[in-house]
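Chemist: Sharing a model prediction with you, sequence too.
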Amino acid sequence: DKKKGCTYANNTLACDSDGSACTADVCKGGKCTAGAAKSCDDNKACTTDSCDKKTGKCTHDSKANDGKACSDGDACTDKDTCKGGKCTAGGAGQVVDVFVARRGVMKGYAFAALKKDGSVVTWGNEGFGGGSCVYDQVNKTCASVADQLKSGVTKLFGSHNALAAVKTDGSVVTWGLSNAGGDSSKVANKLKSGVSKIVGNQGVLAALKADGSVVTWGSADHGGDSSKVAGQLKSGVSKLYATAYAFSALKEDGTIVTWGYFPGPKSEPLSQKNNSGFVAVATNDYAFAGLKKDGSIVTWGEKQYGGAIAVCENSSKCQTSVAVKLKSGVVKVFANQQAFAALKKDGSVASWGNKSSGGGGCIQPGVGKCVSVADKLKSGVVKVFASEDAFAALKQDGSVVAWGMESSGGGLRVVSNVGQGPSVAKQLQSGVVDIFANRYAFAALKKDGSVVTWGRDNSGGDKAVYRYMKVNNQSKPVKFKSISAELQ
């Protein structure tokens, strides 16, 4: 100013009041004033965010919070923790599937859990799959496959004695008894890719590949050696089925290929004249029952256990009166250990195989003749369920009919080692919406939310917890706690 000389007007330009590039300092009232701190928040709970004072750049430490509690946003997981800057599901929430080693109703001795990250955890009997290792029974050694199960697994399969995992690339990892499918080293080259499903029997695992081919390994007698039918298994297979000792493959053209071993004295082969038009197959421990697109049934395997369409008391005493009922109209076939039951379009049920196990359509008590329930199975059945040696049918009116060995739930009563217990038949006359079965007992869920149970008492038949205790120097199941009131 010509009159006053120099003048100084305040401005609001950026400045530096604290020597840090991480604050937005500005001029105010002629002074450099500290401004707001720069936000480096990346909205991730598992990173420690900071700003470099010299450069003003944000950094996000992904390791500083490892082990710190967090939430992954999934209400079904707990104990979530930070790992590598990410919130990882903890506790039970990591498991997406649990596989029980089994073949049909015969449960095995181990479990395998598939986790969200594609890893597998096993427990139970080490040699049968619980140890994630291939068990050599001769040398008593177990070679670990745990490293191969740390990631990439998408599906779990297995049998009574071995387990198998299919990985994202279609390759296979096996473990359990070496001579029962646990050791797949001899066919390893064929299992490097393309496997979609695995089916097992007592001593063999069989893999179905995406190209419709089948690879088998394990006990040669039980079907591990499929060389005699190898040409038929190179392509076109859509489904695999197994008994305890043999296999059947359903092909895309509706034909069946069979191989393996039938241990009994009287086996029925699959008639090649009838080998066409199949859409599904049911199996028990000893026989196969094929459902054809015309609603008829064709069977093969051990005659007295359903390999022939007959009701058998033993291998030489069979009646074929049920055969006419299976020439048409069948919509689904169910199986227990030694018998079959076919549900027909008209709501009726026809059963065959071992008479005492349900093949005769009658209730077999511990002592006495088999009591027929055939009249109750003539109509109205919507679904059939199976225990080891019995069947239970749910009818349209919400009632239940059971038949087969009373000690496996075939009679609508509780059964103990000393004889028959109370009947639950009146509680099952209406209102049932679903039925569940284990090896020796059934549980019916009713629409009012209550549960009715029957079958062997120490297998869940009488709504109680049993504990094995020594009684007169013998280990016996003793009722430990009743839960009847909790299931009303």
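Modeler: Done, it's in.
Chemist: what stretches of this structure score poorly on pLDDT?
Modeler: Residue ranges of the chain with pLDDT under 70: 1, 75-78, 90-93, 100-108, 263-265, 315, 418, 463-471, 475-484, 486-488.
Chemist: Point to the residue nearest the middle of it.
Modeler: residue 99 (4.9 Å; Cα atoms, centre = their mean).
Chemist: following the host helix or strand of that residue, which helix or strand shows up next?
Modeler: Using DSSP states H and E, residue 99 maps to strand 95-103. With elements assigned by DSSP H and E, the helix or strand that comes after strand 95-103 is strand 106-115.
Chemist: Can you give the contact residues for that following strand?
Modeler: Outside strand 106-115, the residues that touch it by Cβ atoms under 8 Å, 6 or more residues apart in numbering are 94-102, 120-125, 128-130, 153-156, 158-161, 163, 165, 176, 244, 285, 337, 388, 439. C-beta coordinates here come from the backbone N, C-alpha and C atoms, glycine included.
Chemist: quick revisit: give me the nearest residue to the residue nearest to the centre of the chain, chain neighbours excluded.
Modeler: Of all residues not flanking residue 99 in the chain, residue 156 sits nearest, at 3.9 Å (Cβ to Cβ, 6 or more residues apart in numbering).
Chemist: and that neighbour, what does it touch?
Modeler: 97, 99, 112, 114, 120, 163, 164, 165, 166.
Chemist: Once you drop chain neighbours, what's closest to the fifth one?
Modeler: For residue 120, ignoring the flanking residues on the chain, the nearest one in space by Cβ to Cβ, 6+ apart is residue 149 at 4.1 Å.
Chemist: Please report phi then psi for the one you found.
Modeler: phi -110, psi 20 (degrees, to the nearest 10).
Chemist: I'd assumed residue 152 was in contact with residue 166.
Modeler: No: Residue 166 is beyond contact range of residue 152, at 9.7 Å (criterion: Cβ atoms under 8 Å).
Chemist: Comparing the two, which shows the higher neighbour count?
Modeler: The neighbour comparison of residue 166 against residue 152 (other Cβ atoms under 10 Å) goes to residue 166, with 22 against 17.
Chemist: check contacts around that one.
Modeler: 153, 154, 155, 156, 157, 172, 195, 196, 197, 198.
Chemist: about what we covered before: from the contacts of strand 106-115, which would you call buried?
Modeler: Buried by 16 or more other Cβ atoms under 10 Å: 94, 99, 101, 120, 122, 124-125, 128-130, 153, 155-156, 158-161, 163, 165, 176, 244, 285, 337, 388, 439, out of these.
Chemist: quick one, strands of the stretch 151-300 of the chain?
Modeler: Using DSSP state E, counting those that start in this stretch, the strands found in the stretch 151-300 of the chain span residues 153-158, 162-167, 172-177, 195-200, 204-209, 214-218, 237-242, 246-251, 256-260, 267-268, 278-283, 287-292, 297-302.
Chemist: Would you format the ones you listed as a markdown table with distance to residue 144 included?
Modeler: A markdown table is the format used below for those (distance: least, Cβ to Cβ, whole Å):
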| stretch | distance to residue 144 |
| --- | --- |
| strand 153-158 | 16 |
| strand 162-167 | 14 |
| strand 172-177 | 8 |
| strand 195-200 | 20 |
| strand 204-209 | 19 |
| strand 214-218 | 19 |
| strand 237-242 | 27 |
| strand 246-251 | 29 |
| strand 256-260 | 30 |
| strand 267-268 | 40 |
| strand 278-283 | 33 |
| strand 287-292 | 37 |
| strand 297-302 | 38 |
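Chemist: So which of the ones you listed is nearest residue 314?
Modeler: strand 297-302 (11.6 Å; Cβ to Cβ).
Chemist: Tell me which residues are up against that closest one.
Modeler: Contacts of strand 297-302 with the rest of the structure, by Cβ under 8 Å, 6+ apart, involve 243, 246, 248, 258, 262-264, 266-271, 274, 278, 286-292, 306-309, 326, 330, 333, 340, 342, 352.
Chemist: Can you tell me which of the contacts of residue 166 comes closest to residue 451?
Modeler: Residue 451 lies nearest to residue 156 out of the contacts of residue 166, by Cβ to Cβ, at 29.1 Å.
Chemist: doesn't residue 117 make contact with the residue nearest to residue 120?
Modeler: No: the criterion here is Cβ under 8 Å, and residue 149 misses it with residue 117 at 11.2 Å.
Chemist: the more surrounded of the two?
Modeler: Applying other Cβ under 10 Å to residue 149 and residue 117 shows that residue 149 carries more neighbours, namely 24 against 13.
Chemist: And that one, how far from residue 115?
Modeler: Plainly put, residue 149 is 10 Å away from residue 115 if you go by Cβ to Cβ, to the nearest Å.
Chemist: now residue 461
Modeler: Distance, residue 461 to residue 115, by Cβ to Cβ: 34 Å.
Chemist: neighbour-wise, which of these two wins?
Modeler: Between residue 461 and residue 115, counting by other Cβ under 10 Å, residue 461 is the more crowded of the two (25 against 17).
Chemist: Pull the number of nearby residues for the nearest residue to residue 395 once chain neighbours are set aside.
Modeler: Counting by Cβ to Cβ, 6+ apart, residue 380 is the residue found nearest to residue 395 once chain neighbours are left out, at 4.4 Å. By other Cβ under 10 Å, 17 other residues sit near residue 380.
Chemist: hang on, isn't residue 380 packed against residue 396?
Modeler: Yes: the criterion here is Cβ under 8 Å, and residue 380 meets it with residue 396 at 4.7 Å.
Chemist: residues shared between the contacts of those two?
Modeler: residue 347.
Chemist: for the closest residue to residue 146 other than its chain neighbours, what are its contacts?
Modeler: Leaving aside its sequence neighbours, residue 146 sits nearest to residue 132 (Cβ to Cβ, 6+ apart; 4.5 Å). Contact partners of residue 132, counting by Cβ under 8 Å, 6+ apart, are 120, 122, 144, 145, 146, 149, 175.
Chemist: In the beta-sheet assignment, what are the partners of residue 435?
Modeler: As for beta bridges, residue 435 partners with residue 444 under DSSP bridges.
Chemist: That one and residue 384, how far apart?
Modeler: Residue 435 is 9 Å from residue 384, by Cβ to Cβ.
Chemist: about what we covered before: strands - which of the contacts of residue 132 land there?
Modeler: 120, 122, 144, 175 (DSSP state E).
Chemist: now, which of the residues you listed sits nearest residue 227?
Modeler: Within the ones in strands among the contacts of residue 132, proximity to residue 227 (Cβ to Cβ) peaks at residue 175, which comes in at 25.0 Å.
Chemist: Looks like that closest one contacts residue 134 (just checking).
Modeler: Yes: with contacts counted by Cβ under 8 Å, residue 175 reaches residue 134, the gap being 5.3 Å.
Chemist: Overlap in contacts, the two.
Modeler: In contact with both residue 175 and residue 134: 145, 182, using Cβ under 8 Å, 6+ apart.
Chemist: More neighbours: those two, which one.
Modeler: Per other Cβ under 10 Å, whichever of residue 175 and residue 134 has more neighbours is residue 175, with 35 against 23.
Chemist: Next, residue 350: secondary structure please.
Modeler: Assigned by DSSP: H, G, I helix; E, B strand; the rest coil, the conformation of residue 350 is strand.
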